[in-house]
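J.: got a predicted structure plus its sequence, pasted below:
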Amino acid sequence: MDMRADAAADRTTGVSGIARWLAHVSAQRPLLVTAVGGTECRLAVERVVRERGLRRALSPSEADTLVECGPAGSGVDEAAERVWDQMGEPRARVRVRSAEEAGARIDEARIALLDLPAQRRAAARRTDADRVEDQESAEPGTDDGAQTADEAEDPGQDRQDRHDHREHRDRQARSRHHDGQSHHAHEDRQGHGRDDAEEHERAPGRGEHGGHGNAHGHGQDHDREEEGGGQEDHEGHDHHDHHGMELPGGLVMADRGDDRDGLRLDRLHIAIGPVQADWPAGLVLGLTVQGDVVQEAEVAVQTPSVEDVSVFWDDIARETLDPGALRFRAAASADSLQRFLAVAGWPDAAATGLLLRDTLLVPEGQATGRTRFTRWLRRVRRSKLLRWSLRGLGPIPGGDRLAGPTESWPVPARLHGDAAARVGRWIDDIAAVLMPDTSDTFLAPPISRERSGPPAGGLSSAPPFPPLGRERAEYARAAVALLPDMVAGQELAAVRLVVASLDPDLESLAVYLPEAAHD
Amino acid sequence: MDSFWPALALFAVASAGVLGLYGAAALLSVGEPLVREPYMGGSPVSEHAVSRFHVRWYAVTLLFIAFDMEMVFMYPWVLVVAEKGMHAVGEMFGFLAVLVAAVVYAWREGAFRWT
Amino acid sequence: MIDADDAVHWWGLVLAPALLAAYAYAAAAGSAARTARASGAPAAAALAAPAREAAGLLLRRRRTVPGADTLLWRVGIASVPVAAVMAVLVVPVGGRAIADLSIGVVWFNAMEVLLWGGMWLAGWGANSVWGLVGGYRYLIQGLSHELPHMFALTTAAVGAGSLRVGDIAAAQQDVWFVLVMPAAFVVYLVSALAMSFWPPFDQPVGRDLSGGAAAEPSGPDRLVLLAGRHAMLAAAAAMAVPLFLGGGAGPLLPGWAWSLLKAAAVLALLVWAGGRVPAVRMDRFAEVGWVVLLPLVLLQALAVSVFVVAGWM
């Protein structure tokens, strides 16, 4: 640490002046984390990001700001912590709890990013902590008590969170392996002074979930899996040829499995979400892939921590009991559509969709920019390339019934058809507002929408539609139930497109159908 | 006979440019390289990603090799076709027709649809 | 105004990479401006976006992954701009290239093929599943577009009866090849987008893979990779000029001005066209590339060969 400070002091003022100028001109790249219940914040943050001309980041390697939208305490926080750890300096982290403070928080983050000396110190601190861990793992059993002074200075929440998230992370990682993979070296570090031999998980031949209950001392943590203590792994229970070979990072190599062609090739266990660009908030899709084709899938739904989460789309619709509520449906569809277009690799169309969504949410917004949006809608609707990419993807036949714990229910009509049909229904929703005179529909047979026909001009005390949130909850429940089967055997691009075409709203699910959210 | 010294010189220039970028970044960056697990949406990583990737389109690679061998003949053929006349054209495109037949066969056998 | 065939223009060693960098920046800026217009923001401010991103990347810490194949990873990333710069060895500006090799067309092709290895290494070396999948996506993309690309190049070469880029440009004094072999030109443009994994062929670095091969590199690695990508597109656009658009020929302006203008026009066309359509999925495109594009360009080549032999060209 001292060396680093000296080196920093030794930098010529020229270099640090240039660095300061570069920091000043650089554009912020925010990475958005949406907690369940954070839809309103996410919309506000996306709007602010768009208005300032910033581009959202896709991964922590290109991000410099972590923006957590929504209430704290949901299951997404642990993933956010991990992603925060993976970001390199200069970095900043903010939490947006309500729509109004989105701009202010992003400004705060920018100020933190411009403070280069503090960023350098933070980087040096992390580097030192990593180095100390390396040393410690290379000399097992020594009590180095290696809390450097900087570590102690670190905000306590850093250590605490790293501690907690290592628990969660290790447990999750272990539960993912069914058997025989026990030599993944997610050994848990104890506090100082304990013999390393006690710390290691002994789980010969099985993934032992409970075995690490003893493994969480306080004190020295490391922020990552780089134990390097691979030599402790090979306690004779590996049936792969890793004997004596230390694998970096404590991870194992991929194991093999059968696939449909009758070959036994390597499989990787990956996960998409919850911190993922253009991804439904709170959804975690665990995949076993061979090559880039999915062999198995499992869906996990992160639940919100707070009980009084309310569905954003419902709130909006309740505030206006007039026919204008149709535009909130269109806004919700625009939100899903722009996410879908981003996943389909059409960033320009997605950007216009984002603009449309923001425009529709503004009370008098639907009058502005009508020509541009109409043109955009026509282009998306008529895009042959899009149709060609989506043809036959993710089909849900009509007449399916899904079995719940106590009852079975039919798949909502809105989800029927393939991905192109579902996307077409979003386009229809938007067209109903933008071009109310046209009646052509995109590919899908017209779904009888007697409930959502043009409402009578009179006033009614109740909104003419059922709560949007309730519908979305049903769609989400069906989507979550169908997703593993729809996704198995598809390649990764198709998986992302299928999920984007379903776009389950887990916030609504948590509010209206909470029993389905805990699967 | 061509001299390839300019190519070597250009390679040196390009490499110098890339190294210069790295050097500038080394001077300016706020810290040393960060060693962390790869990004997995915030979920823990369970294996090294370097693995035997099941390439399902390997049939396409075989077709490509066949055509690539043909290209080895086509580049010199370009230089002499004008003087050799229709004879040369007929031979080359006859060869190509055979290869295209192979492509059609592979297409019908589903080599281009692997999902 | 074609110099002697063996002339080597050493000053081009500095000028060509500088021009390439300028065009690469223009491509990035144009793409950013196009997206900004689509999202309703003023396009002028977005023209500086690539520079801002580069500034941020110079400050950022580099990243690596435990178990990453560091040497191969960095070699792969660095090979992207190096291949792009090497490719412009033979591209003439106003009739003068750095070195007008007698096999210039083959050289250009070879430099593009370097990218195959480079991008796969860039994906593999990162030890991340997104990079792995992205690298393999680049390979299948290459397999699908490379043959049409090579045949498009050969068609232009047949039209001139030479593999020397200067000769091909000179052979277009009566009529530009874009009019004689339009299918080859279109196929060349499509392959230019594909070889530099530019939208709509950007699945190797696609959003659905969290950035694909560009998911892990950070800091200068990322800057080198993305700059190389834009440089490759610029190089391909620059090569289209002597191959299909008559080189430096044109009234009023000197040859080099026309070369630069035409290259800029092709680049603008590519950048604009890239944003109009969604990304092409490789498992769908491979079929199209082999069954549609390849016979098309083969027929074009046959037609041009017959023209040449019959003396009409």
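T.: Arrived safely, thanks for sending. Note that the structure is a prediction, hence the values are computed from the model and not measured. Residues are numbered from 1 along each chain as shown, chains lettered A, B, ... in the order given.
J.: so for stretch C:255-265, mean pLDDT?
T.: Average pLDDT, stretch C:255-265: 94.
J.: hmm, who's touching it?
T.: Applying CB atoms under 8 Å, 6 or more residues apart in numbering or on different chains, the contact partners of stretch C:255-265 are C:1, C:19, C:23, C:26, C:92-96, C:234, C:237-238, C:240-242, C:245-250, C:253. Where you see a C-beta, it was placed from the backbone N, CA and C, and this is true even at glycine.
J.: show me how to select, in ChimeraX, the buried members of those residues.
T.: Only the buried entries of those go into this ChimeraX selection, using 16 or more other CB atoms under 10 Å in any protein chain shown:
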select /C:19,23,26,92,93,94,95,96,234,237,238,240,241,242,245,246,247,248,249
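J.: so which of the contacts of stretch C:255-265 also contact chain B?
T.: When CB under 8 Å from any CB of the partner chain is applied, no member of these is adjacent to chain B.
J.: list phi and psi for B:Gly41.
T.: Torsion angles at B:Gly41 (phi, psi; degrees, to the nearest 10) stand at phi 70, psi 20.
J.: that one contacts A:Pro274, correct?
T.: Yes - B:Gly41 lies in contact with A:Pro274 (CB atoms under 8 Å); the separation is 6.3 Å.
J.: around chain A, pick out the residues from the stretch 151-300 of chain C.
T.: Selection of the stretch 151-300 of chain C residues close to chain A by CB under 8 Å from any CB yields C:199-200, C:202-203, C:206-211, C:214-219, C:222, C:275-284.
J.: same for chain B: which of those are within range?
T.: C:Ser210, C:Ala215, C:Glu216, C:Ser218, C:Gly219, C:Asp283.
J.: mind putting these into CSV with neighbour count, secondary structure and pLDDT?
T.: As requested, those are exported to CSV (neighbours: other CB atoms under 10 Å in any protein chain shown; DSSP: H, G, I helix; E, B strand; the rest coil; pLDDT from 0 to 100):
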residue, neighbour count, secondary structure, pLDDT
C:Ser210, 32, coil, 93
C:Ala215, 28, coil, 94
C:Glu216, 33, coil, 94
C:Ser218, 25, coil, 93
C:Gly219, 27, coil, 92
C:Asp283, 20, helix, 85
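J.: make a markdown table out of those residues and add distance to C:Ala36.
T.: A markdown table is the format used below for those (distance: CB to CB, whole Å):
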| residue | distance to C:Ala36 |
| --- | --- |
| C:Ser210 | 23 |
| C:Ala215 | 24 |
| C:Glu216 | 27 |
| C:Ser218 | 24 |
| C:Gly219 | 25 |
| C:Asp283 | 32 |
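J.: of the residues you listed, which pair is most distant in space?
T.: The largest separation in those, counting by CB to CB, is between C:Gly219 and C:Asp283 at 33.1 Å.
J.: residue contacts, B:Thr115?
T.: B:Thr115 sits next to A:Val293, A:Gly489, A:Gln490, A:Glu491, A:Ala494, B:Arg56, C:Asp283 when contact means CB under 8 Å, 6+ apart.
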